[in-house]
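> Next one to model:
(4 chains)
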There are 2 protein chains.
Amino acid sequence: MASSPTGKKADVPSVENVDTSYLEGLVGYNARRAALAVIEVFLERMAIYDLRPVDFSVLSLIAHNPGITSRQLCGTLGILPPNLVGMINALEKREVIARQPHPRDGRAMGLHLTESGAKLMRDAERTAAQLETEVAARLTPGEARTLIRLLKKVYLPA
Amino acid sequence: MASSPTGKKADVPSVENVDTSYLEGLVGYNARRAALAVIEVFLERMAIYDLRPVDFSVLSLIAHNPGITSRQLCGTLGILPPNLVGMINALEKREVIARQPHPRDGRAMGLHLTESGAKLMRDAERTAAQLETEVAARLTPGEARTLIRLLKKVYLPA
DNA sequence: TATTGTTATACTCTATAACTATA
DNA sequence: TATAGTTATAGAGTATAACAATA
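Okay, here's the model as predicted:
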């Protein structure tokens, strides 16, 4: 309600303060805004490692799942295979990961961290943990756990 | 059969079930997954109105803020001005919005819903409310309110 | 001098079709 | 026949620089 007819002109309303209450009542809108806010800080902090969020996710999954295949990465992260190829090639060229033939499937290649990749991820995961602490600082520890639990209820199949 | 691991080969591990527990402990990862899950359903439901999530957000803000300017939309939704121009033009061509000169700023144009635009948004907001009900069905009503409250604590400046 | 709206443009992200080699 | 990985390419989304009209 910000129409301000200060005179005799045609009553064309203008807006002083934008009312966002409707959008702020939607789960999807809030989830998207929160994700973008966290990712923005994530981008800044990971820049020193030259890692985007998706690179971090890929390397973290390889770190915790040595021998994981490209197809498994795609399925887990919702990335399409053609779009993963370039990332994997780049990470291999940087010598943070290495491909090894899959032990039981001649079509597939198992992905592994190199030693320098393992060191990089130790540092990067420490930075990520630090960032989590800061994000969670806006919440109580209990609220942070609750938030993650509720988000999982939203996106994980019931 | 590319290799028969009889025990002598190099011990190359492979992955049966991908361990995602590390990533699932991060707020940003979960917020992003939840946002993408909701937006995916949103895309499907809004297809009958030929509205993407961003179009819905823009029209909803115009509906609740008659006379809002492009610049105000950009600031509220985090869209860059050059990227809004095409959207506004398309919505005007569809005759769901109309531009009127801003009553006190000759540079700006106030944005308004047309009658057909108002009808479209009545239907679209009803569909969005229905979707929210379904998303929230995975949560209790209290959990849904808590989720939105915690998400806001994450992305709104303290 | 600063701001609104705009054009042009580049870069990133995501999506589709088709090929190869193995299963 | 189906799947893992790859190539090429198209489309959508997001970014910066610069300009005209107005403040």
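> Run through chain A and note the low-pLDDT ranges.
Residues of chain A meeting the criterion pLDDT under 70: A:1-10.
> Please name the nearest non-neighbouring residue to A:S70.
Nearest non-adjacent residue to A:S70, counting by C-beta to C-beta, 6 or more residues apart in numbering or on different chains: A:L84, 5.6 Å away. (Glycine included, C-beta is placed from N, CA and C.)
> wait, that neighbour sits on A:T76?
No: A:L84 lies out of contact with A:T76 (C-beta atoms under 8 Å); the separation is 11.0 Å.
> Tell me the residues on chain A that lie near DNA strand D, please.
A:69-72, A:81-82, A:84-85, A:88-89, A:102, A:105, A:107-109 (C-beta under 7 Å from any atom of the strand).
> Cross these against strands and list the overlap.
Here DSSP state E is the test, and the residues of chain A next to DNA strand D give A:T69, A:M109 as lying in strands.
> any idea where the helices of chain A begin and end?
A:27-46, A:53-64, A:70-77, A:81-93, A:115-137, A:141-155 (DSSP state H).
> what sits against A:I148?
A:I148 makes contact with B:E24, B:G25, B:V27, B:N30, according to C-beta atoms under 8 Å, 6 or more residues apart in numbering or on different chains.
> Could you do A:A118 as well?
Counted by C-beta under 8 Å, 6+ apart, A:A118 has contacts A:A63.
> From A:L147, how far off is it?
From A:A118 across to A:L147, the span is 30 Å (C-beta to C-beta, to the nearest Å).
> which residues touch the residue nearest the centre of chain A?
Residue closest to the mean C-alpha point of chain A, counted by C-alpha atoms, centre = their mean, is A:P53 at 5.2 Å. Neighbouring residues of A:P53 by C-beta under 8 Å, 6+ apart: A:I39, A:F42, A:L43, A:M46, B:G28.
> what about the residue in chain A that DNA strand C sits nearest to, neighbour count?
DNA strand C sits closest to A:G106 of chain A, with a gap of 2.6 Å, by C-beta to the nearest atom of the strand. By other C-beta atoms under 10 Å in any protein chain shown, 11 other residues sit near A:G106.
> ditto for A:G75
Count around A:G75 with other C-beta under 10 Å applied: 12.
> Next: the one 4 residues further on.
A total of 16 residues lie near A:I79 under the criterion other C-beta under 10 Å.
> returning to that earlier point: how much space between the residue nearest to the centre of chain A and DNA strand D?
13 Å (C-beta to the nearest atom of the strand, to the nearest Å).
> Kindly report the same for A:L147.
In terms of C-beta to the nearest atom of the strand, A:L147 sits 23 Å off from DNA strand D.
> hang on, isn't that residue packed against B:R149?
No: here A:L147 does not reach B:R149: they are 9.5 Å apart, not a contact under C-beta under 8 Å.
> Those two: which has the busier surroundings?
A:L147 (25 against 12).
> what about the residue nearest to that one when sequence neighbours are not counted, distance to A:L156?
Computed as C-beta to C-beta, 6+ apart, the closest residue to A:L147 that is not its neighbour in sequence is B:L150, at 4.3 Å. According to C-beta to C-beta, B:L150 stands 18 Å off from A:L156.
> Settle it for me: which of those two has more neighbours?
Each of B:L150 and A:L156 has its neighbours counted (other C-beta under 10 Å); B:L150 has more, 22 against 13.
> residues contacting that one?
A:L139, A:E143, A:T146, A:L147, A:L150.
> what do you get for A:V18?
B:L61, B:N65, B:I68, B:Q72, B:G75, B:T76.
> What values do phi and psi take at the residue nearest to the second one when sequence neighbours are not counted?
Which is B:N65. Once flanking residues are discounted, B:N65 sits nearest to A:V15: 4.6 Å by C-beta to C-beta, 6+ apart. Torsion angles at A:V15 (phi, psi; degrees, to the nearest 10) stand at phi -120, psi 130.
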